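Peer 1: could you look at this predicted model? Sequence included:
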Amino acid sequence: KLGCLRGAIKSGFLGNLADFAIALAPFVTTKKFASYERSIRIRVISEDVNFPKAAIPKQVCSLLESIMSQEAHVAFTLTWAYTARVADILKLRTQNLRLAKGSASDGLGTVLTKFVEGKGVSARSQAFSVASRIPLAHWTKVRDYIASRNEFKYLWSANTRARVQREMASIAKKRGLELRSFRRGGLQTLASSGVATPVLLHFSHHSDAKMLNRYLDWAWHNAQQHVETTQVSGLLWQTKPVASST
């Protein structure tokens, strides 16, 4: 319940949070606190959330075809492939990526990546791995870039990350997108394809389904129910109307 007072906590006027919590303890059991907590909940629900415009697969493919910089191309490819935060992608360590080429008929290559740094790792309180399949044309560029960085600890050195991120932001802006658009768009694409919530969480880097649903902007509706209803509702447009008797 103390967490509901995050507005006060974030304001910075608290000199010692521990002392404040002890002083507040007798208050949290009162009806007045329950009313206060309820009012906070109502206000939070009514607040507009500043979600980025979601990128769609067609936009991503068009963008990747036009990028000249290898550094930005690989960063965008992995961002979409893992529906990850750009900042987390730029902190990937070279030794933590493994590649496997698929068959020619398959047209896809696999990249297994272990995340050991970034916000996603902090949210989970541990490192985690995700495998994703990438079209061979882009998979080859990822492979070649990894090979060029084989002697280095990171795929992108610390002094180049800011430059690459600015380049990516500029490329996205020209298409009416922002960097967060790719992560959100990727997750929505997976969710709309019928991917179950537990699997989505492997990609989303969120700590629980509640946070994922909020990010998908489906906080008012269970994500799995959303997938099921959107799939079934398509039948509405395939059913022939019954002839009227009048």
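Peer 2: Nice, I can see it. Numbering: from 1, shown residues only.
Peer 1: only C-alpha atoms for contact and neighbour calcs from this point on.
Peer 2: Will do.
Peer 1: list the buried residues in stretch 55-62.
Peer 2: For stretch 55-62, the neighbour count (16 or more other Cα atoms under 10 Å) marks A55, V60 as buried.
Peer 1: for this structure, which spans come out with low pLDDT?
Peer 2: 1-50, 217-236, 238-246 (pLDDT under 70).
Peer 1: let's see it at 80
Peer 2: For the chain, the stretches with pLDDT under 80 are 1-52, 68, 102-106, 192-194, 205-211, 213-246.
Peer 1: in space, what's closest to A131 - neighbours in sequence excluded?
Peer 2: Counting by Cα to Cα, 6 or more residues apart in numbering, L112 is the residue found nearest to A131 once chain neighbours are left out, at 4.2 Å.
Peer 1: quick check: phi and psi on the one you found?
Peer 2: Backbone torsions for L112, taken as degrees, to the nearest 10, come to phi -100, psi 120.
Peer 1: ditto for H206
Peer 2: phi -80, psi 160.
Peer 1: just to check, it is in contact with L212?
Peer 2: Yes - between H206 and L212 there is a contact under Cα atoms under 8 Å: 6.0 Å.
Peer 1: follow-up on the earlier one: what pairs with the residue nearest to A131 across the strands?
Peer 2: Legend: beta-bridge partners of L112 under DSSP bridges are R98, A131.
Peer 1: what sits against it?
Peer 2: Listed by Cα atoms under 8 Å, 6 or more residues apart in numbering, the contact partners of L112 are L97, R98, L99, S129, V130, A131, S132.
Peer 1: farthest-apart pair in those residues, please.
Peer 2: L99 and S129 (13.2 Å; Cα to Cα).
Peer 1: so the two - more neighbours on which side?
Peer 2: Shown here are L99 and S129; by other Cα atoms under 10 Å, L99 has more neighbours (18 against 13).
Peer 1: how close does the more buried one sit to I171?
Peer 2: Going from L99 to I171 by Cα to Cα, to the nearest Å gives 27 Å.
Peer 1: ok, back up a step: for the contacts of L112, please prepare TSV with the additional fields distance to D88.
Peer 2: Compiled in TSV, these are given as follows (distance: Cα to Cα, whole Å):
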residue	distance to D88
L97	14
R98	17
L99	19
S129	13
V130	13
A131	15
S132	16
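Peer 1: where do the strands of this structure begin and end?
Peer 2: 97-101, 108-115, 128-135 (DSSP state E).
Peer 1: could you export these as a markdown table, including distance to V199?
Peer 2: Listed next are the strands of the chain as a markdown table, based on distance: least, Cα to Cα, whole Å:
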| stretch | distance to V199 |
| --- | --- |
| strand 97-101 | 20 |
| strand 108-115 | 15 |
| strand 128-135 | 10 |
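Peer 1: please identify the deepest-packed of those.
Peer 2: Per-stretch averages of neighbours, counted by mean count of other Cα atoms under 10 Å, single out strand 108-115 among those, with a mean of 20.
Peer 1: kind regards, and thank you for your time.
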